[in-house]
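**Q** My questions are about this predicted structure, shown below with the sequence.
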Amino acid sequence: MKTVMDDLFDFPSPEKNGINKDDKILSVSQLTRKIRNLLEQRIGEIWVEGEISNLRKQASGHQYFTLKDADAQISCALFRNNARELTFPIEDGQKVQIFGKVSVYGARGNYQIIVELVQDRGIGALQAKFEALKGKLNAQGLFDTANKKTIPPFPHTVCLVTSPTGAALRDMLNVLGRRAPWVKVLVYPVRVQGKGAAEEIAAALQYLASWNSQSKPVINTVVITRGGGSLEDMWPFNEEIVARAISEFNLPLVSAIGHEIDFTISDFVADLRAPTPSAAAELIVPEATDLRNRLEKMSVALQNRALNAIERQADCLDYLSHSALFQEPRRLFSDLEQEIDRTAGQLSISFKNLINENEDLIIELRHQLTRRHPVNRLESVSGEFSVLANRLANAGQVACQSLSERCASAAAALKNLGPGSVLTRGYSITLNAKGELIDSAKSAKPGDRLISKFVDGDVRSTVD
């Protein structure tokens with residue numbers, strides 16, 4: 001009888017085929033890989049519900065926890081990239097539904113679930129995917145109001161991207177025809193539900209992005225629309241490919257999907273969200289009656305302004321026509337002539353005053369020039385030189401006379417104090433042979449020759 005393990009791993013038992021047991025011995029790693037491949041291929045991705053326990057959040061951003069119920073438990077690994085897309089924080093004791101792939105962690109030989117999506121228990125899988133994609137695109141800036149384009153208030157050509165057989169198209173054509181019959185409507189047919197619908201919608205937007213550069217009627221506004229339905233029916237408008245096509249679209253775009261309570265990813269990315277297709281038609285074009293009333297009011301207001309302006313100008317003309325100036329235009333010239341005369345008189349007086357001031361200035365400058373003329377200056381300097389020369393000559397004479405008197409006084413004093421005056425009184429001066437003065441008898445020695453000077457001559461002698 002074939003065992004379950006034989007069927008799973010699909011290799012014969014050694015005993016049954018007579019093969020040596022050693023030929024089929026597996027290493028632990030080989031066995032673990034076979035088990036992992038089996039689980040991933042036979043079970044693969046799956047939804048599992050349970051309670052979180054033993055939650056561990058790593059610095060790397062990965063999160064590990066155990067999912068359990070009353071009878072069993074299984075390990076789960078939520079890696080960083082998927083953890084970033086969580087719309088709520090998970091915690092121990094929380095009951096959740098997870099979506100992921102069953103696999104094996106070879107290092108420990110434990111089977112586990114590689115978690116891709118976590119949602120509160122009771123939230124459907126599509127809703128969870130919706131919330132995850134919404135959070136991702138919002139974080140990337142696809143919903144930013146700064147990137148949204150303004151919808152033209154008076155379009156002349158509108159393009160509807162929708163199913164050609166849907167109720168949404170009929171409703172929009174009805175409203176557009178009633179409100180603005182002059183607006184041209186182009187229909188780009190696409191599938192709005194089912195497999196491949198998202199790709200068709202994205203391709204339509206990519207084609208329309210270059211429409212206005214192809215010498216065709218210029219499109220002012222594009223509307224992607226469909227009627228109501230289930231979340232599954234409207235899912236193409238929640239696909240990332242459609243969201244990115246809308247974000248990259250270069251024309252003003254309105255999203256009108258389902259009923260007023262329905263929201264899709266396309267609504268958040270589009271330049272304007274309409275609650276219903278009919279509401280979208282009302283938003284993108286003005287209502288003919290309202291527009292006519294506005295034009296009539298503007299026409300009346302314009303006429304009133306024109307009439308008021310004409311009346312004001314008529315009053316002004318009437319005033320001017322009855323004014324004295326209009327009746328007697330020469331008065332204007334008379335006033336101007338008087339003003340000219342007055343100005344001319346002031347100008348003449350100003351010129352005379354200026355001339356007088358300049359004449360006084362010239363006279364003053366002439367006097368200064370005369371005083372500073374080189375001839376006058378030389379005469380003044382010559383007189384000063386004569387005075388200085390006389391003063392110098394007088395000073396020289398006085399100085400010479402003073403010096404002469406001083407010399408005579410000094411000569412008399414020298415004469416009185418000199419030895420000659422002593423000799424006249426009968427004294428003599430004794431010198432040795434060398435002419436040196438002998439001022440003491442002890443200085444003379446026997447045999448020395450002496451010279452005695454008298455007032456009238458010298459006497460030579462020898463000391464005994």
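**A** Looks like it arrived, so ask away.
**Q** Now residue 355: which helix or strand?
**A** Assigned by DSSP states H and E, residue 355 belongs to helix 330-371.
**Q** For residue 260, give me the pLDDT.
**A** What the model reports for residue 260 is a pLDDT of 84.
**Q** Disregarding residues adjacent in the polypeptide, which is nearest to it?
**A** Leaving out its chain neighbours, the residue that sits closest to residue 260 by Cβ to Cβ, 6 or more residues apart in numbering is residue 275, at 3.8 Å. To be clear about C-beta, it is placed using only N, CA and C from the backbone, and glycine gets the same treatment.
**Q** Residue 431 now?
**A** Once flanking residues are discounted, residue 431 sits nearest to residue 451: 4.6 Å by Cβ to Cβ, 6+ apart.
**Q** What helices and strands are in contact with the helix or strand hosting that neighbour?
**A** Residue 451 belongs to strand 449-454 when assigned by DSSP H and E. Contacts of strand 449-454 with other secondary structure elements, assessed using 3 or more Cβ pairs under 8 Å, 6 or more residues apart in numbering; DSSP states H and E, are made with strand 429-432, strand 457-462.
**Q** Kindly calculate the angle that it makes with strand 457-462.
**A** Here strand 449-454 runs at 160 degrees with respect to strand 457-462, directions being taken by axes from the mean of the first three to the mean of the last three Cα atoms, to 10 degrees.
**Q** quick revisit: contacting residues around the residue nearest to residue 260?
**A** The contact partners of residue 275, by Cβ atoms under 8 Å, 6 or more residues apart in numbering, come to 256, 259-260.
**Q** Please report how far it lies from residue 31.
**A** Spatial separation of residue 275 from residue 31 under the definition Cβ to Cβ, to the nearest Å is 59 Å.
**Q** again, but for residue 368
**A** Using Cβ to Cβ, which is the criterion applied here, residue 368 is 127 Å from residue 31.
**Q** same question, residue 147
**A** As for residue 147, its distance to residue 31 is 54 Å (criterion: Cβ to Cβ).
**Q** higher neighbour count, these two?
**A** Neighbours were counted for residue 147 and for residue 31 using other Cβ atoms under 10 Å; residue 31 has more, 15 against 11.
**Q** what sits against residue 193?
**A** With contacts taken as Cβ under 8 Å, 6+ apart, residue 193 has the following neighbours: 226, 229, 232-236.
**Q** pretty sure residue 221 contacts residue 159?
**A** Yes - with the criterion set as Cβ atoms under 8 Å, residue 221 and residue 159 qualify as a contacting pair; they are 7.4 Å apart.
**Q** tell me, which helix in the protein spans the most residues?
**A** Criterion DSSP state H: the longest helix present in the chain is helix 374-417.
**Q** roughly how far is it from the heart of the chain?
**A** Mean C-alpha position of helix 374-417 versus that of the full chain (Cα atoms, centre = their mean, to the nearest Å) differs by 91 Å.
**Q** And stretch 335-350, by the same measure?
**A** From the chain centre to the centre of stretch 335-350 is a distance of 61 Å (Cα atoms, centre = their mean).
**Q** and the helix or strand residue 34 falls within, how far out from the chain's middle?
**A** Secondary-structure assignment from DSSP H and E places residue 34 in helix 28-42. Counting by Cα atoms, centre = their mean, helix 28-42 is centred 58 Å from the centre of its parent chain.
**Q** With stretch 220-238 instead?
**A** With Cα atoms, centre = their mean as the basis, the distance from the averaged C-alpha position of stretch 220-238 to the chain average is 41 Å.
**Q** same thing with stretch 193-205?
**A** Relative to its parent chain, stretch 193-205 has a centroid offset of 42 Å by Cα atoms, centre = their mean.
**Q** Farthest pair within the contacts of residue 193?
**A** Greatest spatial distance among those (Cβ to Cβ): 226 and 232, at 13.0 Å.
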